[in-house]
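S.K.: predicted model and sequence follow; I will ask about them next.
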Amino acid sequence: MGFMSEFREFAVKGNVMDLAVGVIIGGAFGKIVDSVVKDLIMPLVGRVVGGLDFSNYFVMLGSPPANYNGPMTYEALTKAGVPLFAYGSFLTVLLNFIILAFIIFVMIKQINRLKRDNPPPPAAPAAPPEDVQLLREIRDALTRDKA
């Protein structure tokens, strides 16, 4: 079997396709959670702690160049090459992770609950051992011979 045929066999297996679909949906879901955190939750958190843009919470670890006269925002200072301790950005990403982990926890909990509510059908009884089957065949043959 050639390399390409082995790869084709691997790529079309059900598990690989399921994984690909999961990664694509996970990426889209991650973007939704990013938007919820960035556009809905962090502005509220920023308002509570007294600022409007939580991502602009940082500490400058160096000074801007002498000829810098731009705004003192995270994006502008980063473009100017100023080293920043960007704890606001980190807190945004951390909150994003916590929300995503919580949503996945709730989803898995619901899936497990559905599995408990719908137990799998009972398995068919195991086949009798070969020696028992042979003894039954002998018994049935002797019973037929007597009749």
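M.R.: Received, thanks. Quantities reported herein were computed from a predicted structural model and do not represent experimental measurements.
S.K.: contacting residues for the most centrally placed residue in the chain?
M.R.: The centre of the chain sits closest to Gly26, judged by Cα atoms, centre = their mean, with a distance of 5.9 Å. Residues near Gly26 by Cβ atoms under 8 Å, 6 or more residues apart in numbering: none. C-betas here are computed from N, CA, C, even on glycine.
S.K.: and if we set it to 10 Å?
M.R.: Residues near Gly26 by Cβ atoms under 10 Å, 6 or more residues apart in numbering: Leu100, Ile104.
S.K.: tell me the pLDDT at it?
M.R.: Gly26 is assigned 84 on the pLDDT scale.
S.K.: you'd agree it is in a strand?
M.R.: No: counting by DSSP: H, G, I helix; E, B strand; the rest coil, Gly26 is not found in a strand; it is helix.
S.K.: how much space between it and Phe97?
M.R.: 14 Å (Cβ to Cβ, to the nearest Å).
S.K.: hang on, Gly81 packs against Ser63?
M.R.: No: here Gly81 does not reach Ser63: they are 11.1 Å apart, not a contact under Cβ atoms under 10 Å.
S.K.: for the helix ranked longest in the chain, which positions count as buried?
M.R.: Using DSSP state H to define each element, the chain has its longest helix at helix 87-117. Neighbour counts over helix 87-117 (16 or more other Cβ atoms under 10 Å) mark Gly88, Ser89, Thr92, Leu95, Asn96, Leu100 as buried.
S.K.: now for that helix, which elements pack on it?
M.R.: helix 14-35, helix 42-48, helix 74-79 (3 or more Cβ pairs under 10 Å, 6 or more residues apart in numbering; DSSP states H and E).
S.K.: try 6 Å
M.R.: Counting contacts by 3 or more Cβ pairs under 6 Å, 6 or more residues apart in numbering; DSSP states H and E, helix 87-117 is packed against helix 14-35.
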